[in-house]
Structure formats: C-alpha cells, structure tokens
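In: predicted model and sequence below, questions to follow.
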Amino acid sequence: VPEDLTLGEVVSADGRSAFVAAVKELESGDLDGATRLLELLCCNGCVMGSGMTSTAPLYKRRALVTRAARERLRELDEGEWEGEMSTFADLDLGRSFFARPVTVSTATGADVAEILTRMGKQSAADELNCGACGYDTCREHAAAVHSGLAESEMCLPFTIDQLRNAVREIAVSHDQLASAQQALMHSERLASMGQLAAGIAHEVNNPLGVVLLYSHLLLEGVPEGSALRGDLETVASEADRCKKIVSGLLDFARQNKVSLSRVTVDDLVAQSTRGVVVPERVVVEVEHEDPGLVVELDRDQIVQVVANLVRNAAEAMPGGGTVIVRTRAVAGSLVLSVTDGGTGISKENL
C-alpha cells in the first residue's frame, strides 16, 4: 500500500483521542472509502526509535534525524542503488491481512450502572469524566470493563478511595492493637502487684498471728483495771486491724486469678451466711427458685461477696427485720439478690 496522500489509502492516527476517533470514524464509514490501512499509535509517536533515550529537546532531535538522512543521501552511489533495485525488483515485500471479526458484548444500562456503583459512583454527580482511565467518560469506561477491555482499577478516583479505605482500616486495626497492648500491660501490672501483695501478706501473717496469740494470752492473765490491760488491748486491737489489712491484700491478690469450680448454689449460700453474725432481731431467710442448681464460679470470692452483702443488710436494720437471699437461673446465668427492709442509702452517699 503506497503512502500517497493523494490516494488516501493510508490513514495514520496517534494519541489517545485521535486513536479512538479514527476507529469510530472507520466503524461509522466516515473515512474515505479508499482507505486500505489504518495505522494507529496509542502514544503520540516518536522520532528516535524504540529503546533510545535522549535529553535533547524535540526539535533538536528532529534536526539530527534530518541531518543524518542528508548525509546518507550525499554518500549514496546511485548506480549501485539502481543495480540493487533491479536485482531485487521481483522480491515481494507485500503483506496480506485476513479479517478476524471479534464479537464484543454490548453493555446494557443496568450493566453500566452496576459497574459504576461498584466503582463508588452512586449518582451522575460522581461521574467526574476526568479521562484518567483513558476513556472520555465514566460510562465508556464502565462499558469497556463489561466487555473485558478495561479494569475498574484504571479509574484513578476509585483507586484513591480504595487506598484511603485501606489506610483507614489499617489505622483502626493499629488503634485496636494499641488498646489491646495497653490492656495487656495493665493486666500484667495488676498481676505483678497481686503477686507482690500475696507475698507480703503471707510473710506478715505469720508474725502477726504470733502477736495476736500472745496478746490475747496476756489479756487473759491480766486482771481488770490493771494499767497493762489497756496497753494490751491496744496491741490486740491494732494487730487485729493489721490482720484485716492483710486479708484485704490477699483478696486483691486473688482477684487477679479466678479459680473456677462447680458448686451447688444451696451449699454456696449456706456457707456465705453461716459465718455472718447478725443481731438477735434480724432474721436471714434463703429462697431458691431452682433447688440443687449447679454453677461454675470462683467459690471463695462469691462467698465473700454474699457474706458482705448480708452483713451490710443486717447493719442497715438496727431495729431488726428480715434479710432475704434469693437465687434463680436466668438464660444460663445465676442471679443472686440480697434484700432488706433497712433505711437505705442517703442521697448524698449514692
């Protein structure tokens, strides 16, 4: 096919816009009917050939190509050239092309809308038509995605949104990890403090028990009204207070380690109320909606909680009354309540 502009058999187009326009005009029949070859370059072309780079300006590069062509023509031996042309005159350098139709599915409006929604374009206002994907409009890009000629990731705003969401999710995960690490460090500190408290409590308990024992023995041997009796009572009282403080340290240490075991609720409540000393006019009643109920819990801690509640309830009724301990099973859990007819808690202490 000779490249003769007067014949119009060859049409060249380069660049993204001209590339698409030439294909559309050929498809619609707007090009000259004599067109036999459509030479397309999606890029804007070059004058230096593939694999060559240069920092020289565009027109300087063109001048260099022109100069090289002139030097080649000046050195050309026309006689030798004509002889070679005669020798290879019968050599066929032509190329044949066969039509291989490719069927491209046409996207419906619903298909385009679904793809646009997937790319985060919920309304017409979201269709920026920026051209960053290589298509003039977002709808053309969506149609190309449906036909398998493009990818959703070619949409720059969509890709940026995806990256932003990924960064946001990573930030949330980082915050959650930081919170978990802080909670772990807090738990480790509590565990260390609990171990320290338990060690101190056990070390102090032994000599404290000796002090309590001998102070009470001395009290038994000192008559009433003796000057030493007041001092011994002070020693015994303060030692007893220290015992309670040590007991509190042990309770704190136990809170860091839960010891679960299967217990019967009836026995648990009985043990909790057995050691509570209540005034004569206070009666403790126990009501079990599910007698014989077995649960899994930390027996020592729950016994302490129930005993404290019963003791507080009894102290809240100086004139006497009834303390009721109720238990029932609700949705796989144990509900334990302690009620009394006392004066209640004043508003300023709530």
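Out: Looks like it came in fine. Numbers count the residues shown, from 1 in each chain.
In: which other helices and strands contact the longest helix seen in the chain?
Out: If you go by DSSP state H, the chain has its longest helix at helix 156-221. With contacts defined as 3 or more C-beta pairs under 8 Å, 6 or more residues apart in numbering; DSSP states H and E, the packing partners of helix 156-221 are helix 227-255. The C-beta positions use only the backbone N, C-alpha and C, and glycine is treated the same way.
In: quick one, what contacts the residue lying closest to residue 26 once chain neighbours are set aside?
Out: Once flanking residues are discounted, residue 26 sits nearest to residue 38: 5.8 Å by C-beta to C-beta, 6 or more residues apart in numbering. Shown in contact with residue 38 (C-beta atoms under 8 Å, 6 or more residues apart in numbering): 11, 13, 22, 23, 26, 31.
In: which of these sits closest to residue 308?
Out: Closest approach between these and residue 308, by C-beta to C-beta: residue 23, at 86.8 Å.
In: mind exporting the helix or strand containing the closest one as CSV, just the C-alpha atoms?
Out: According to DSSP states H and E, residue 23 maps onto helix 16-28. Below are the C-alpha coordinates for helix 16-28, written out as CSV (Å, rounded to 0.1, in the frame of the first residue of the first chain):
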residue,chain,number,x,y,z
ARG,A,16,-5.4,8.7,22.8
SER,A,17,-8.1,10.9,21.5
ALA,A,18,-7.1,10.6,17.8
PHE,A,19,-6.7,6.8,18.2
VAL,A,20,-10.3,6.4,19.4
ALA,A,21,-11.7,8.9,16.9
ALA,A,22,-10.1,7.2,13.9
VAL,A,23,-11.5,3.8,15.0
LYS,A,24,-15.0,5.3,15.4
GLU,A,25,-14.9,7.1,12.1
LEU,A,26,-13.8,3.9,10.3
GLU,A,27,-16.6,2.0,12.0
SER,A,28,-19.2,4.5,11.0
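In: what's the mean pLDDT across it?
Out: Mean per-residue pLDDT for helix 16-28: 83.
In: so what does that helix touch, helix or strand wise?
Out: strand 10-14, strand 37-41.
In: hey, which of these is tucked in deepest?
Out: Most buried of the helices and strands packed on helix 16-28, by mean neighbour count (mean count of other C-beta atoms under 10 Å): strand 10-14, with a mean of 16.
In: name the surrounding residues that touch that one.
Out: Under C-beta under 8 Å, 6+ apart, the answer for strand 10-14 is 1-4, 19, 21-22, 26, 31-32, 35-45.
In: separation between residue 322 and residue 312?
Out: Distance of residue 322 to residue 312, given as C-beta to C-beta, to the nearest Å: 15 Å.
In: also residue 161?
Out: Taken as C-beta to C-beta, the span from residue 161 to residue 312 is 59 Å.
In: surely residue 36 and residue 9 touch.
Out: Yes. Between residue 36 and residue 9 there is a contact under C-beta atoms under 8 Å: 4.5 Å.
In: for the stretch 151-300 of the chain, give me the ranges with low pLDDT.
Out: Low-confidence segments of the stretch 151-300 of the chain, defined by pLDDT under 70: 252-258.
In: in CSV, list the helices and strands packed on helix 16-28 along with distance to residue 144.
Out: Below are those laid out as CSV (distance: least, C-beta to C-beta, whole Å):
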stretch, distance to residue 144
strand 10-14, 19
strand 37-41, 17
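In: hmm, residue 278 is touching residue 285, no?
Out: No. Shown here, residue 278 and residue 285 do not form a contact pair, counting by C-beta under 8 Å, at 11.6 Å.
In: look at those two and report which has more neighbours.
Out: Counting neighbours by other C-beta atoms under 10 Å for residue 278 and for residue 285 shows that residue 278 has the greater number, 17 against 11.
In: quick one: that one is in a strand?
Out: No. According to DSSP: H, G, I helix; E, B strand; the rest coil, residue 278 belongs to no strand; its state is coil.
In: so who does it touch?
Out: Residue 278 touches 284, 310, 311, 314, 323, counting by C-beta under 8 Å, 6+ apart.
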